[in-house]
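Return a 3D structure for these sequence lines:
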Amino acid sequence: MSDERRQFDDGPRGDDLDARLHGDDLDARLHGDDLGGRLHGDDLDARLRGDDLDARLRGVGVPGAPGAGERAWDAVGAAFAARRPVRRRRRRLAPGLAVAVVLGVLMLAVAAGATQPGAAVRGFVVRVLGGDPAPAPRARIGPLPPGRILVTSPRGAWIVGRDGSRTLLGPYAGASWSPRGLFVVVWSGADIRAVAPDGTVHWTLRTPGRVAAAAWSPDGYRVAYRRAGGLGVVAGDGSGPRVLSASVAPAGPAWRPGAPHTLAWVDPEGRIVVRDVDSGALVWRSPSGVGAARALSWSADGRLALVRSTDGLRLADPGANRVSRVRLPPGDRAVAAAWAPHGRRLAVIARAASGDLTRVLVAQGGVRIADRPVFTTTGRLASPAWSPDGSRVLVRWTDADEWLLLPAVARRRPPAAGPPPPARALPARGIVAIAPVARHFGGMPVVRGWCCAG
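The predicted structure is shown next:
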């Protein structure tokens, strides 16, 4: 019988590709007499804007699709490694040639779309045509903004240092930082452990059922955990486990900032419960339900709580005794969201209701999220995490096997007639792509937290 139960039971190959890219056939096709007619034909605009364009593109068969991803990455990686930076004068393309380039990029995107790396190519196409820079991914993880990243993967829980170094804590399913990053609470099966950043185990607690989540209180003296459909709490040294609620929704628990031992969760009826875990006093219960909750978190000032449900986001304001739906830009639906470490900014990953577009929106948290994307691509984005200094948002681009470090504010573009920004400023303010990431962790990593810039 567990400690908790005993106490509280009553409660194509490379050479072929080179030949096709440099052969006489390609030159003939680019300089053929009918190129101008095809570029300037009266029906070109209609064909580009036709309603069935998407359907026709998706219907194109791709020869040699199996294994195309590996060949594409090998070719791109070799080209990237062999490149030499060269200063080039800016040239303006003739209108006809510009159209040819765009069409060629679109055709490459369709051909690449049969593979996972093809999704990355399609994503770059979206950003190029939209005017955003397409970053060349780097293989190394570091350097990163200040702090340490806590992730889990099929191999277990890891800590990633600012220099990109990785420490495997053990074969754990989940993990969460202590307030100052001195310890990590990890779990697997029915066991919860407190471990040091080097993986040393300080204490272990066996619970009555499989653990789904755990979180350290702001002062480090309590650990709340959700297991077997219920909710429990234990002291920071592993002593005195007890039951808080026999049945809770699969969201949270979430400690309220500024109130060390005040905890929020969602009850089976879908209402948010905020309670002092020491005295048992009820601090607040939401007047209405929040739907089928899947995630719960507090703003850094402890004033607002955000709930992600299967039907969208809701914002709870205990001070005003109110729960409101969060409205996203038209056509978007939220798939993930994260509060900034300071203030009330939100990073929201939003999926288009139709098509294959995903965007990252960074805006002031409220009942309406402004249409200010910092990144747009095809495919799936997930697992948003703020850097401790609030300057970056890390997201996982699943289809491309990448981590993307995004600026936390949308970049302002220089006037068309003005000079471009200095090249040296771009790496600090622009997007940083890291790929592939899965091989570093024995599978796709999920970011669990980013701790402690100091």
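
Listing request: residues of the stretch 151-300 of the chain with sub-threshold pLDDT.
For the stretch 151-300 of the chain, applying pLDDT under 70 flags no range at all.

likewise the stretch 301-450 of the chain?
Applying pLDDT under 70 to the stretch 301-450 of the chain flags residues 410-429.

For it, which segments count as helices?
426-429, 438-441 (DSSP state H, counting those that start in this stretch).

Tell me which other helices or strands the last one touches.
Under the contact criterion of 3 or more Cβ pairs under 8 Å, 6 or more residues apart in numbering; DSSP states H and E, helix 438-441 touches strand 148-153. (Each C-beta comes from the backbone N, C-alpha and C, glycine too.)

May I have the strand it packs on as CSV, with CA atoms only?
This file holds the C-alpha atoms of strand 148-153, laid out as CSV (Å, rounded to 0.1, in the frame of the first residue of the first chain):
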residue,chain,number,x,y,z
ARG,A,148,18.2,25.8,-18.9
ILE,A,149,15.5,23.9,-20.8
LEU,A,150,13.8,20.9,-19.3
VAL,A,151,12.5,18.4,-21.9
THR,A,152,11.1,14.9,-22.1
SER,A,153,11.4,12.4,-24.9
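
strands paired with that strand, and their directions?
Strand 148-153 sits in its sheet next to strand 156-160 (antiparallel), strand 446-451 (antiparallel), going by DSSP bridges.

got the buried residues for the very next helix or strand once past the shortest one?
Right, the one you point to is strand 156-160. Following strand 156-160 in sequence order, the next helix or strand is strand 166-170 (DSSP states H and E). Buried residues in strand 166-170, counting neighbours by 16 or more other Cβ atoms under 10 Å, are found at 169, 170.

Can you list the neighbours in contact with strand 166-170?
The contact list for strand 166-170 (Cβ atoms under 8 Å, 6 or more residues apart in numbering) reads 141, 155-161, 175, 184, 186, 195, 197-199, 440-441.

Are any of these buried, and if so which?
Among these, those buried by neighbour count (16+ other Cβ under 10 Å) are 141, 156-161, 175, 184, 186, 195, 197, 199, 440-441.

And the residues you listed, which is closest to residue 407?
Ranked by distance to residue 407 (Cβ to Cβ), the buried ones among the contacts of strand 166-170 are led by residue 141 at 18.6 Å.

Which residue is the nearest non-sequential neighbour of that closest one?
Spatial nearest neighbour of residue 141, chain neighbours left out: residue 164 (3.5 Å); criterion: Cβ to Cβ, 6 or more residues apart in numbering.

Check residue 336 too.
Looking at residue 336 with Cβ to Cβ, 6+ apart, the closest residue is residue 349, at 4.4 Å.

Isn't the one you found up against residue 362?
No: the criterion here is Cβ atoms under 8 Å, and residue 349 misses it with residue 362 at 10.6 Å.

how many neighbours does residue 171 have?
11 (other Cβ atoms under 10 Å).

And for residue 386?
Residue 386, neighbours per other Cβ under 10 Å, totals 25.

Same check on residue 250?
If you count neighbours by other Cβ under 10 Å, residue 250 ends up with 14.

Tell me if it really is in a strand.
No: Residue 250 is assigned coil when assessed by DSSP: H, G, I helix; E, B strand; the rest coil, not a strand.

Now it, what are its backbone angles?
Note on residue 250: backbone dihedrals following degrees, to the nearest 10 are phi -80, psi 60.

correct me, but it touches residue 293?
Yes: the criterion here is Cβ under 8 Å, and residue 250 meets it with residue 293 at 7.2 Å.

Using the three-state scheme, assign the nearest residue in space to residue 267 that is not next to it in sequence.
In space, residue 267 comes closest to residue 273 once its chain neighbours are excluded; the distance is 5.3 Å by Cβ to Cβ, 6+ apart. Here residue 273 takes the strand state, with states given by three-state DSSP.

Bridge partners for residue 273, pull those for me.
On the basis of DSSP bridges, residue 273 is bridged to residue 265, residue 285.

Distance check, it against residue 442.
According to Cβ to Cβ, to the nearest Å, residue 273 stands 38 Å off from residue 442.

higher neighbour count, those two?
Each of residue 273 and residue 442 has its neighbours counted (other Cβ under 10 Å); residue 273 has more, 22 against 13.

gap between the more buried one and residue 448?
According to Cβ to Cβ, residue 273 and residue 448 sit 24 Å apart.

likewise residue 196?
Counting by Cβ to Cβ - residue 196 and residue 448 are separated by 16 Å.

which one of these two has more residues nearby?
residue 448 (20 against 12).

list the contacts for that one?
Residue 448 makes contacts with 150, 151, 152, 157, 174, 175, 176, 177, as judged by Cβ under 8 Å, 6+ apart.

excluding its backbone neighbours, what's nearest the second one?
Spelled out, that is residue 151. Computed as Cβ to Cβ, 6+ apart, the closest residue to residue 151 that is not its neighbour in sequence is residue 445, at 4.1 Å.

same thing with the fifth one?
The spatially closest residue to residue 174, leaving aside those adjacent along the chain, is residue 187, at 5.1 Å (Cβ to Cβ, 6+ apart).

shouldn't the residue nearest to residue 151 be in contact with residue 159?
No: if you go by Cβ under 8 Å, residue 445 and residue 159 don't touch, sitting 11.5 Å apart.

ok so, going back, what would the strands paired with strand 148-153 look like in TSV with distance to residue 333?
Listed next are the strands paired with strand 148-153 as TSV, based on distance: least, Cβ to Cβ, whole Å:
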stretch	distance to residue 333
strand 156-160	30
strand 446-451	21
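
looking at the ones you listed, which is closest to residue 299?
Closest of these to residue 299 is strand 446-451, at 16.3 Å (criterion: Cβ to Cβ).
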